[in-house]
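*Asks:* Sequence plus the predicted model coming up.
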Amino acid sequence: DVRDAADVFRDVYDRTGGVDGRVSLEVDPRLAHETDKTVAEAVDLWKAVDRPNLMVKIPATKAGLPAITRVLGEGISVNVTLIFSVERYREVMEAYLAGLEQAKANGHDLAGIESVASFFVSRVDTEIDKRLDAQQEGHPLRGKAAIANAKLAYAAYEEVFASERFRALAAEGARAQRPLWASTGVKDKSYSDTRYVDELVAPNTVNTMPEGTLQACADHADVRGDLVSGTGAEAQQVFDQLREAGIDLDDVFAVLEADGVQKFEKSWTELLDTVA
């Protein structure tokens with residue numbers, strides 16, 4: 001199925017010089033906390049699919065970070081998934097740069113390596129809103145965390161990929177790892193069903209929408225151009241206010257990551273059962 005999908009998108013891949021037309025295939029999420037096994041399976045999948053427009057999907061757990069570097073070092077394109085916090089996202093970008101440096105040392109063409117960093121959006125509001133609701137019904141900070149979090153992530157992206165370290169790699173043909181907004185379906189019916197698309201338009205980003213959100217955007221998206229660049233300071237204020245309101249953000253992100261791995265595993269075992 002993945003080979004067929006890669007073939008369907010091959011024209012887009014060729015036309016965009018390998019930037020778009022990518023198909024993701026995930027490493028077994030039950031290996032999310034095992035570095036060596038993740039690397040071995042990623043390499044096996046890359047060889048088995050044998051298509052240049054494949055991206056191997058690896059979760060950004062603590063064990064996943066060194067795996068991401070090593071897999072990129074083999075010249076394999078990677079979709080880094082399950083990123084919730086800006087701190088972890090910075091570690092992901094570090095893993096990407098280190099992976100490109102390894103790939104270069106290993107003699108791989110950096111222009112052939114593409115990566116996205118999947119930053120999860122709506123689940124952040126779901127978890128933080130639940131905690132705010134426990135304090136006060138209709139709390140003024142409801143629905144503000146997820147977009148602020150994504151804006152802080154984008155500010156970090158702009159900073160890292162303007163660095164000397166990346167410029168040296170770009171001179172060798174490397175491309176910036178694009179931020180990808182994941183989990184952009186709206187869970188709370190009181191919010192606009194296109195908010196995580198309308199509010200997160202920015203250069204060089206990807207938005208993977210569930211079908212319902214895609215249909216809603218086709219029908220009534222309110223796209224007003226780039227609302228993200230240069231908004232880091234304002235987004236930081238929201239996070240300062242959340243901390244003042246007693247929200248333990250470290251705990252929020254730890255809970256979301258553990259829950260995310262669990263959801264991936266559940267989907268994976270359902271898929272295995274279906275195939276069997």
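*Replies:* Arrived safely. Numbers count the residues shown, from 1 in each chain.
*Asks:* quick one, strands of this structure?
*Replies:* Taking DSSP state E as the test, the strands found in the chain are 23-26, 54-59, 78-83, 115-120, 178-182, 206-207.
*Asks:* Pick the most buried one from these.
*Replies:* When these are scored by mean count of other Cβ atoms under 10 Å, the highest mean neighbour count falls to strand 78-83 (a mean of 27). All C-beta spots, glycine's among them, are computed from the backbone N, C-alpha and C.
*Asks:* strands paired with it, and their directions?
*Replies:* With DSSP bridges as the criterion, the sheet partners recorded for strand 78-83 are strand 54-59 (parallel), strand 115-120 (parallel).
*Asks:* Could you export those as JSON lines, including mean pLDDT?
*Replies:* What follows is the strands paired with strand 78-83, written out as JSON lines (pLDDT from 0 to 100):
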{"stretch": "strand 54-59", "mean pLDDT": "98"}
{"stretch": "strand 115-120", "mean pLDDT": "97"}
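*Asks:* In TSV, list the strands of the chain along with distance to residue 230.
*Replies:* Output for those, formatted as TSV (distance: least, Cβ to Cβ, whole Å):
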stretch	distance to residue 230
strand 23-26	30
strand 54-59	29
strand 78-83	22
strand 115-120	18
strand 178-182	15
strand 206-207	19
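*Asks:* any idea which residue sits dead centre in the chain?
*Replies:* Central residue check for the chain by Cα atoms, centre = their mean: the C-alpha nearest the mean position is that of residue 118, 0.5 Å away.
*Asks:* quick one, what contacts it?
*Replies:* If a contact means Cβ atoms under 8 Å, 6 or more residues apart in numbering, then residue 118 has 79, 80, 81, 82, 83, 180, 182, 208 as its contacts.
*Asks:* Looking at this structure, which helix is longest?
*Replies:* Across the chain, the longest stretch assigned as helix under DSSP state H is helix 249-275.
*Asks:* any idea of the mean pLDDT for it?
*Replies:* Along helix 249-275, the predicted confidence averages to a pLDDT of 96.
*Asks:* what comes up buried for it?
*Replies:* Of the residues in helix 249-275, those scored as buried under the neighbour-count criterion (16 or more other Cβ atoms under 10 Å) are 249, 252, 253, 256, 257, 260, 261, 264.
*Asks:* cool, and stretch 125-135?
*Replies:* Buried-residue list, stretch 125-135, by 16+ other Cβ under 10 Å: 125, 127, 128, 129, 131, 132.
*Asks:* nearest to residue 73, of the residues you listed?
*Replies:* Minimum distance to residue 73 across the buried residues of stretch 125-135 is 34.0 Å, recorded for residue 127 (Cβ to Cβ).
*Asks:* what sits against the nearest residue to that closest one once chain neighbours are set aside?
*Replies:* Distances taken as Cβ to Cβ, 6 or more residues apart in numbering place residue 252 nearest to residue 127, at 5.3 Å, with adjacent residues excluded. Remark: with contacts taken as Cβ under 8 Å, 6+ apart, residue 252 is in contact with 84, 124, 127, 128, 131.
*Asks:* Please apply the same query to residue 241.
*Replies:* residue 141.
*Asks:* I figured residue 193 was touching residue 215, is that so?
*Replies:* No. Taking contact to mean Cβ atoms under 8 Å, the distance of 9.4 Å between residue 193 and residue 215 leaves them out of contact.
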